[in-house]
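Enquirer: When you get a sec, could you give me coordinates for this:
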Amino acid sequence: MPTRTARTAWDGGLQDGSGQVELSSSGRGTFDVSFPRRAADEAGGVTSPEELIAAAHSACFAMQLSANVAEAGGTPHSLEVTADVSLGPDDQAGGFKLTGITLTVKGEVDGLDSAGFQRAAEAAKAGCPVSKALTGVDITLRASLVE
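Expert: All right, here's what the predicted structure looks like:
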């Protein structure tokens, strides 16, 4: 399996500095990052590690869920996955930590009822490689079929 690479160039201190994250392997983009924007309610056109983790987690989960649905005898037509990643203070170790991730999925699937889809989604939450990498973070799941 291949290794993928991203690179960040950072200038300055934490509060007054800024950087750019480059998706090196794909060459698909370079994105600005800044700690003040990371900690603000509004991103202001600047990404953050949490948003990049959310992107990775939602994509990984969708891929795993599509495989799980098929393994359970269903046919996945569409999956809409949102990952909400929260940052907050780390009261025990100091600094900050990821305080939680909520995965929300709405699926259009043939051949599975709601209970079967929920089982496939729970298995995907546990089985996708990004979920496995984030085992120190509380991950919750909301899964529903499109009626």
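
Enquirer: what distance separates the helix or strand of the chain with the lowest mean pLDDT from the centre of its chain?
Expert: In the chain, no helix or strand scores lower on mean pLDDT, DSSP states H and E than helix 35-39, which sits at a mean of 89. Helix 35-39 sits 19 Å away from the centroid of its parent chain (C-alpha atoms, centre = their mean, to the nearest Å).

Enquirer: Now that helix: buried residues?
Expert: 35, 37-38 (16 or more other C-beta atoms under 10 Å). No exception for glycine: its C-beta is placed from N, CA and C like everyone else's.

Enquirer: ok, now stretch 57-65?
Expert: Those would be 57-58, 60-65, for stretch 57-65 by 16+ other C-beta under 10 Å.

Enquirer: next one: that stretch to chain centre, how far?
Expert: Relative to its chain's centre, stretch 57-65 lies at 8 Å (C-alpha atoms, centre = their mean).

Enquirer: and what of stretch 13-28?
Expert: What separates the centre of stretch 13-28 from the centre of its chain is 18 Å, taken as C-alpha atoms, centre = their mean.

Enquirer: Using PDB, write out every CA atom in it.
Expert: This file holds the C-alpha atoms of stretch 13-28, laid out as PDB (Å, rounded to 0.1, in the frame of the first residue of the first chain):
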ATOM      1  CA  GLY A  13       4.900  32.100  16.600                       C
ATOM      2  CA  LEU A  14       1.700  30.400  17.500                       C
ATOM      3  CA  GLN A  15      -0.400  33.500  17.900                       C
ATOM      4  CA  ASP A  16       1.100  35.700  15.200                       C
ATOM      5  CA  GLY A  17       2.300  33.100  12.800                       C
ATOM      6  CA  SER A  18       0.600  31.300   9.900                       C
ATOM      7  CA  GLY A  19       1.300  28.500   7.500                       C
ATOM      8  CA  GLN A  20       0.300  26.600   4.500                       C
ATOM      9  CA  VAL A  21      -0.600  22.900   4.300                       C
ATOM     10  CA  GLU A  22       0.200  21.300   0.900                       C
ATOM     11  CA  LEU A  23      -1.500  18.100  -0.200                       C
ATOM     12  CA  SER A  24       1.800  16.900  -1.700                       C
ATOM     13  CA  SER A  25       0.800  13.400  -3.000                       C
ATOM     14  CA  SER A  26      -2.200  14.500  -4.900                       C
ATOM     15  CA  GLY A  27      -1.000  18.000  -5.800                       C
ATOM     16  CA  ARG A  28      -4.700  19.000  -5.300                       C
END
